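Novice: Pasting the sequence and the predicted model now:
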Amino acid sequence: MSGEQMTLLAALLAGLFGSTHCFGMCGGIAAALGSGNPAIQRGPVRGLGYQLLFSGGRILSYAIAGAIAGGLSFWLGALIDVPAWSGVLRVATGLVMVAIGLQLAVNWRGLRHIEALGGRFWRRLSPLVGRLLPVRSAPAALGVGMLWGWLPCGLVYTMLLAAVVSGSAAKGGALMLAFGAGTLPAMVTIGASAGGLTQLIGRHSLRRGAGVLLLAFGAWTMATPILHLGHGAHGHATHSHSEMPAGHHAH
């Protein structure tokens, strides 16, 4: 498995098992959107369709934010022109994976402190949500979902840090898309009042297992460029030694 594939898998797992962290806030929103709109209550199929639109809009916002964040890292890398920039990005990505793994495995609270960063931005967006409620059409549902995607959330912001160090807009967008896809089952089922799947995802044993896996992914992601750097230095020393003139002895 390549480093990029591992990062995308880690983002998917973070979304799938980390979405239980969001039940209090996002789960309540999903349930309220499902129960408070007469257009959605005309049947289970229609209700599921609207829930998919809500979450689809939310995931689209994640992908847009990820592309912007990844584009910033590409611009920064071009600006500072450090030869080892890709290695720095991989180490930073590994640190983010470790942070999320700690949250899932031992319920570490450190990530929640960054939620306050988006509070001011959200206060400006939240009035727009009220103008679209109650939802009476598919475009309105998609619009509400896109606004919902900017709700302050420590887990989302932490994944955006991973997007920032992804190295490009495409990679940042793909990473946040994978994360959003992971959150889809829990948010859609809780919004449609189908709690069996959310209870399964929220089981402590599964969360801990996913957290340990993310810790391992993070450690490996950080170790790879460090090991490569050490191997490169050793190879350079060996090459320099082999090129010494005949009769010359190192002291």
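Specialist: Thanks, I have the structure now.
Novice: And stretch 126-138, what's buried?
Specialist: Applying a neighbour-count criterion of 16 or more other Cβ atoms under 10 Å, the buried positions in stretch 126-138 are V129, L132, V135. (Each C-beta comes from the backbone N, C-alpha and C, glycine too.)
Novice: Which of those residues fall within helices?
Specialist: Among the buried residues of stretch 126-138, the members found in helices (DSSP state H) are V129, L132.
Novice: quick check, nearest of the buried residues of stretch 126-138 to M1?
Specialist: Using Cβ to Cβ, V129 is the member of those that sits closest to M1, with 39.5 Å.
Novice: Specify the local secondary structure of the closest residue to the closest one other than its chain neighbours.
Specialist: If the residues on either side of it in the chain are set aside, V129 comes closest to L147, at 5.1 Å by Cβ to Cβ, 6 or more residues apart in numbering. Secondary structure assignment for L147 (DSSP: H, G, I helix; E, B strand; the rest coil): helix.
Novice: how close does L147 sit to N107?
Specialist: Separation of L147 from N107 (Cβ to Cβ, to the nearest Å): 29 Å.
Novice: what does L133 give?
Specialist: Spatial separation of L133 from N107 under the definition Cβ to Cβ is 33 Å.
Novice: Between L147 and N107, point out the one with more neighbours.
Specialist: More crowded of L147 and N107, by other Cβ atoms under 10 Å: L147, with 20 against 12.
Novice: is it true that the more buried one touches P127?
Specialist: No. The pair formed by L147 and P127 falls short of the contact definition of Cβ atoms under 8 Å, at 9.9 Å.
Novice: pLDDT below threshold where in the chain?
Specialist: In the prediction, the chain carries residues with pLDDT under 70 at positions 20-45, 81-83, 191-203, 228-251.
Novice: Can you tell me the centre-most residue of it?
Specialist: With the centre of the chain defined as its mean C-alpha position, the nearest residue by Cα atoms, centre = their mean is M159, 3.3 Å away.
Novice: For G101, state which of the buried residues of stretch 126-138 is nearest.
Specialist: Of all the buried residues of stretch 126-138, G101 sits closest to V129, with 32.4 Å by Cβ to Cβ.
Novice: The closest one against V144, yeah?
Specialist: Yes. The pair V129 and V144 passes the contact test of Cβ under 8 Å, sitting 6.0 Å apart.
Novice: SS state for the residue nearest to the centre of the chain?
Specialist: Three-state call for M159 (three-state DSSP): helix.
Novice: ok, now which ones touch it?
Specialist: Neighbouring residues of M159 by Cβ atoms under 8 Å, 6 or more residues apart in numbering: A11, A14, G15, Y62, G66, V96, I100, L175, M176, F179.
Novice: Would you write a ChimeraX line that selects the buried entries of the residues you listed?
Specialist: In ChimeraX, this line selects whichever of the contacts of M159 come out buried by 16+ other Cβ under 10 Å:
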select :11,14,15,62,66,96,100,175,176,179
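Novice: which one of the contacts of M159 is nearest P185?
Specialist: Proximity to P185 was ranked across the contacts of M159 by Cβ to Cβ; first place goes to G15, at 9.3 Å.
Novice: excluding its backbone neighbours, what's nearest the closest one?
Specialist: Here the nearest residue to G15 in space, its sequence neighbours aside, is G182; by Cβ to Cβ, 6+ apart that works out to 2.3 Å.
Novice: check contacts around that neighbour.
Specialist: In this structure, G182 makes contact with A11, L12, L13, A14, G15, L16, F17, G18, S19, judged by Cβ under 8 Å, 6+ apart.
Novice: taking those residues one by one, which sit in helices?
Specialist: Judged by DSSP H, the subset of the contacts of G182 located in helices is A11, L12, L13, A14, G15, L16, F17, G18.
Novice: Can you dump the C-alpha atoms of stretch 84-104 in CSV for me?
Specialist: Only the C-alpha atoms of stretch 84-104 are listed here, as CSV (Å, rounded to 0.1, in the frame of the first residue of the first chain):
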residue,chain,number,x,y,z
ALA,A,84,13.1,17.8,2.1
TRP,A,85,9.6,19.4,1.9
SER,A,86,7.9,16.2,1.0
GLY,A,87,9.4,14.5,4.0
VAL,A,88,8.3,17.3,6.3
LEU,A,89,4.8,16.9,4.9
ARG,A,90,4.7,13.2,5.5
VAL,A,91,5.9,13.6,9.1
ALA,A,92,3.2,16.3,9.7
THR,A,93,0.6,13.9,8.2
GLY,A,94,1.7,11.2,10.5
LEU,A,95,1.4,13.4,13.5
VAL,A,96,-2.2,14.2,12.6
MET,A,97,-3.0,10.5,12.2
VAL,A,98,-1.5,9.9,15.7
ALA,A,99,-3.6,12.7,17.1
ILE,A,100,-6.8,11.2,15.7
GLY,A,101,-5.8,7.7,16.7
LEU,A,102,-5.4,8.9,20.3
GLN,A,103,-8.8,10.4,20.2
LEU,A,104,-10.4,7.2,19.0
